[in-house]
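> Predicted model and sequence below, questions to follow.
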Amino acid sequence: MKLYGGIDLHSNNSVVALLDEQDQVVYRKRLANEVGCVLAALEPYGDGIEGLVVESTYNWYWLVDALMESGYRLHLANTAAIVQYSGLKYSDDDSDAAWLAKLLRLGLLPEGYIYPKEERAVRDLLRRRSRLVQQHTANVLAVQNLLSRNRGHALSSNEIKRLTPAAVNALLPDANLALAVQSTLLAMRGQEAAIDLLEREACAQVRCQPAYRHLLTTSGIGQVLGLTILLETGPIERFAHVGNYASYSRCVGSERLSNGKRKGRGNTKSGNKYLAWAYLEAANFAVRYNPRIKRYYQRKRAKTNGVVAIKTVAHKLARACYHMLREGSDFDVERAFA
């Protein structure tokens, strides 16, 4: 008997459901988030399980890794693309788990990519760096706002980074205000050190890869953007066509049409937000420093607006990087922006 499993994963427990080929529930139970507990529950049905589905929630790593190491065939559900049960008036964790199993049985499950465990850890270093950069930027803005409120004008971000305790005391005679700024500057120094450490470690682990060196030949792509694109893309072979990759990078529009009429914008959150950021950043740099790309951007901007034009450049860069990674070649601006 063939069985199909769905696991509705939560922060401290999971609902496991197994369905047979007639969608009859063979097993369903809420279990603690412990590897031994989940494996023990599945063991009596192991030989018949065709596949298991786990939702791509924030905490899926431990469960997917353990089940794959135990020999189960795993599928990572793309929750953003799953259509909820049409016609049902009530749903709960039990029905969610069974619905995942049913989608797998029917061959209708939208799947996410299961990044290899070792490579995933390097990618997550760069994601951690990204969060630290956001926090650092927030701290810079906090100091700027404080100075603006109390002095009538702010300092630039570079001026803030160069502030010393003596300079802060001179700017803000009030001891409490000076302490607020100095404490924020201390946090910024720690963030800057951590950002540099994570970037150097990620770079050290991938700098020898030919694909990374090819990406660095692209206009607008430096070390951080090259690392982001390489690590977030993963094996380029998983994208059958360039359009699939551009869509995954959120470089194409999203809309729904019916009878020639627009029916909403579609799912704009599908895809990889880190790749979307990387290609937009690369586009902004490219139009500033590459004359050929700048002329292309200006032509597009004359017909639309700056936002649409820069997204068009990002789309072109994403398509170019796809072919470069596929072919193992360097960037050719004439080919990319013909």
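Received it, and whenever you're ready, just let me know what you need.

> Quick check: residue 148 vs residue 191, distance?
22 Å (CB to CB, to the nearest Å). Yep, even glycine has a C-beta here, placed from its N, CA and C like the rest.

> same question for stretch 230-239, mean pLDDT?
Computed over stretch 230-239, the mean pLDDT rounds to 95.

> about what we covered before: residue 148 and residue 191: who's more crowded?
Taking other CB atoms under 10 Å, residue 148 and residue 191 do not tie; residue 191 has more neighbours (20 against 12).

> Where do the helices of this structure begin and end?
35-42, 61-69, 93-106, 117-151, 157-161, 165-171, 175-206, 210-215, 223-233, 242-248, 273-289, 291-303, 306-327, 333-336 (DSSP state H).

> Of all these, which one is nearest residue 25?
helix 93-106 (6.3 Å; CB to CB).

> Just name the shakiest helix or strand of the chain by mean pLDDT.
Within the chain, confidence by mean pLDDT, DSSP states H and E is lowest for strand 257-258 among all helices and strands, at a mean of 50.

> still on that earlier bit, what's the most buried one of the helices of the chain?
Among the helices of the chain, helix 223-233 has the highest mean neighbour count (mean count of other CB atoms under 10 Å), at a mean of 22.

> neighbouring contacts of it?
119, 122-123, 126, 129-130, 199, 202-203, 206, 209, 211-212, 215-216, 218, 221, 245, 272, 274-275, 277-279, 281-282, 321, 325 (CB atoms under 8 Å, 6 or more residues apart in numbering).

> The closest residue to residue 315 other than its chain neighbours - how many residues pack around it?
Once flanking residues are discounted, residue 315 sits nearest to residue 251: 4.1 Å by CB to CB, 6 or more residues apart in numbering. Residue 251 is flanked by 24 other residues according to other CB under 10 Å.

> quick one, phi/psi of residue 251?
phi -100, psi 10 (degrees, to the nearest 10).

> picking up where we left off before, can I get the helices of the chain in JSON lines with distance to residue 7?
Below are the helices of the chain laid out as JSON lines (distance: least, CB to CB, whole Å):
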{"stretch": "helix 35-42", "distance to residue 7": "8"}
{"stretch": "helix 61-69", "distance to residue 7": "7"}
{"stretch": "helix 93-106", "distance to residue 7": "6"}
{"stretch": "helix 117-151", "distance to residue 7": "18"}
{"stretch": "helix 157-161", "distance to residue 7": "45"}
{"stretch": "helix 165-171", "distance to residue 7": "53"}
{"stretch": "helix 175-206", "distance to residue 7": "31"}
{"stretch": "helix 210-215", "distance to residue 7": "34"}
{"stretch": "helix 223-233", "distance to residue 7": "25"}
{"stretch": "helix 242-248", "distance to residue 7": "25"}
{"stretch": "helix 273-289", "distance to residue 7": "25"}
{"stretch": "helix 291-303", "distance to residue 7": "46"}
{"stretch": "helix 306-327", "distance to residue 7": "33"}
{"stretch": "helix 333-336", "distance to residue 7": "43"}
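
> Let me know which of the ones you listed is the nearest to residue 9.
Using CB to CB, these put helix 61-69 closest to residue 9, at 6.3 Å.

> What is the distance between the closest one and the centre of its chain?
Put simply, helix 61-69 sits 20 Å off its chain's centre (CA atoms, centre = their mean, to the nearest Å).

> From the contact counts, what lies against that helix?
helix 35-42, strand 49-55, strand 74-77, helix 117-151 (3 or more CB pairs under 8 Å, 6 or more residues apart in numbering; DSSP states H and E).
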